[in-house]
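Student: sequence unknown, structure follows:
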């Protein structure tokens, strides 16, 4: 008799636990499998042959890994409205002294260039991923996506726009990564 | 009257036909080799379109699904088998890219829940039936009851005789 009273309560409790957990899940965000792994090897031509990229290479994981340190890799496109929303956040991170590499994802090079010419260029250098092949290698499925790289390894991925309310978390994460790197030295 | 009914029925049935007619997306990137295309299609049916809601990349017209379709085709053409291609995809997008989740510790409950629920149902039914049997099964009369019955029948017989 006692068991009979408890069973519905138990069923309710289990259901409640699952549904409550479901509330905090974000179905659009797929956790990256790259976390704690080295970057997928990528070499992309530069958007514009600038002082930095005399070689014509805009993005090279080998170079980034060889140099080490903390860098951000941001996939963007001029055709992507959220990327415009995100842009000021990238400029702010640049001002704070962070190195950001841009990858123009499935974008016409001239459009990708116009984008940074008009809105300001937060990037150290920009690689061109015309067909989105590099994007697939990095597990990108919707721009913008931003990866945080420490000494050649992916430590974090931010899916979608870095909003104003995300800045605090991102800055804290970058700060922590920076100090852990300095401690090692 | 009959014709109105028929028209309504016709429109109603058309509703079932339209989705079938549109389900085959025109894809200009199909491989010319039919065997390879068929093989690619089989693999693509197992891959999730990541920017859609529960669709395979075959069924989606999204740009990203198209990119993945073409990668599958390239790899099939290059001679990769299904396992290699699915591995390639999961090493980039995780297990989520597979429409059918693989059986592992995290998904064991998901896969086993139908069996667990079935077992639970069978258990409930069996228990219920046992109880029913107990209630409906004819029970032998106790000695007291038999005496009582005999008394009543005797009385009845006496009355009839009188």
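Tutor: Looks like it arrived, so ask away. Quick caveat: nothing in here was measured; it's all calculated off a predicted structure.

Student: next secondary structure element downstream of the host helix or strand of residue B:121?
Tutor: Applying DSSP states H and E as the criterion places residue B:121 in helix B:108-136. Downstream of helix B:108-136, the next assigned helix or strand under DSSP H and E is helix B:143-161.

Student: and chain B, what are its domains?
Tutor: Domain assignment for chain B by automatic domain parsing gives B:2-102, B:107-161.

Student: tabulate those domains (a markdown table), appending mean pLDDT, mean neighbour count and distance to residue A:3.
Tutor: In short, each C-beta sits where N, CA and C put it, glycine included. Converted to a markdown table, the domains of chain B look like this (pLDDT from 0 to 100; neighbours: other C-beta atoms under 10 Å in any protein chain shown; distance: least, C-beta to C-beta, whole Å):
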| stretch | mean pLDDT | mean neighbour count | distance to residue A:3 |
| --- | --- | --- | --- |
| domain B:2-102 | 86 | 14 | 34 |
| domain B:107-161 | 87 | 9 | 12 |
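
Student: closest one to chain A among these?
Tutor: domain B:2-102 (4.2 Å; C-beta to the nearest C-beta).

Student: show me how far that closest one is from its chain's centre.
Tutor: Taking the mean of its C-alpha atoms, domain B:2-102 sits 20 Å from the chain's own mean (C-alpha atoms, centre = their mean, to the nearest Å).

Student: one more: stretch A:177-185?
Tutor: Counting by C-alpha atoms, centre = their mean, stretch A:177-185 comes out at 21 Å from the chain centroid.

Student: and what of stretch B:155-162?
Tutor: 69 Å.

Student: contacts only, for the residue nearest the centre of chain B.
Tutor: Geometric centre of chain B, nearest residue: residue B:114, 9.4 Å, by C-alpha atoms, centre = their mean. Neighbour list for residue B:114: empty [criterion: C-beta atoms under 8 Å, 6 or more residues apart in numbering or on different chains].

Student: how deep is residue A:28 tucked in, by neighbour count?
Tutor: Look at residue A:28: counted by other C-beta atoms under 10 Å in any protein chain shown, it has 11 neighbours.

Student: stretch A:102-114: which residues count as buried?
Tutor: Residues of stretch A:102-114 classed as buried by neighbour count (16 or more other C-beta atoms under 10 Å in any protein chain shown): A:102, A:103, A:104, A:105, A:106, A:107, A:109, A:112, A:113.

Student: again with stretch A:175-185
Tutor: residue A:177.

Student: chain A contacts on chain B?
Tutor: Taking C-beta under 8 Å from any C-beta of the partner chain as the criterion, chain B approaches chain A at residues B:50-51, B:63-64, B:67-68, B:71, B:90-94, B:96.

Student: any chance of the residues you listed in TSV, plus secondary structure?
Tutor: Below are the residues of chain B next to chain A laid out as TSV (DSSP: H, G, I helix; E, B strand; the rest coil):
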residue	secondary structure
B:50	coil
B:51	coil
B:63	helix
B:64	helix
B:67	helix
B:68	helix
B:71	helix
B:90	helix
B:91	helix
B:92	helix
B:93	helix
B:94	coil
B:96	helix
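
Student: quick one: low-confidence ranges for chain A?
Tutor: Across chain A, the ranges flagged by pLDDT under 70 are A:1, A:49-54, A:184-185.

Student: what residues does it have near chain B?
Tutor: So far as C-beta under 8 Å from any C-beta goes, chain A lies against chain B at A:30-33, A:40, A:106, A:131-132, A:135-139, A:141-142.

Student: now the two most distant members of those.
Tutor: For the residues of chain A next to chain B, the maximum inter-member distance is 25.3 Å, found between A:31 and A:131 (C-beta to C-beta).

Student: so what's the residue count around the residue lying closest to residue A:96 once chain neighbours are set aside?
Tutor: Of all residues not flanking residue A:96 in the chain, residue A:171 sits nearest, at 7.2 Å (C-beta to C-beta, 6 or more residues apart in numbering or on different chains). Residue A:171: 14 surrounding residues under other C-beta under 10 Å.

Student: which neighbouring elements make contact with the one helix or strand residue A:171 maps to?
Tutor: Secondary structure assigned from DSSP H and E places residue A:171 in helix A:164-184. Counting contacts by 3 or more C-beta pairs under 8 Å, 6 or more residues apart in numbering or on different chains; DSSP states H and E, helix A:164-184 packs against strand A:70-76, helix A:81-95, strand A:145-150, strand A:153-159.

Student: try 6 Å this time
Tutor: Helices and strands touching helix A:164-184, by 3 or more C-beta pairs under 6 Å, 6 or more residues apart in numbering or on different chains; DSSP states H and E: there are none.

Student: now that helix: how far from the chain's centre is it?
Tutor: Here the centre of helix A:164-184 is set off from its chain's centre by 14 Å, with C-alpha atoms, centre = their mean.

Student: tell me which residues are up against that helix.
Tutor: Where contact means C-beta atoms under 6 Å, 6 or more residues apart in numbering or on different chains, the residues beyond helix A:164-184 that reach it are A:70, A:150, A:156.
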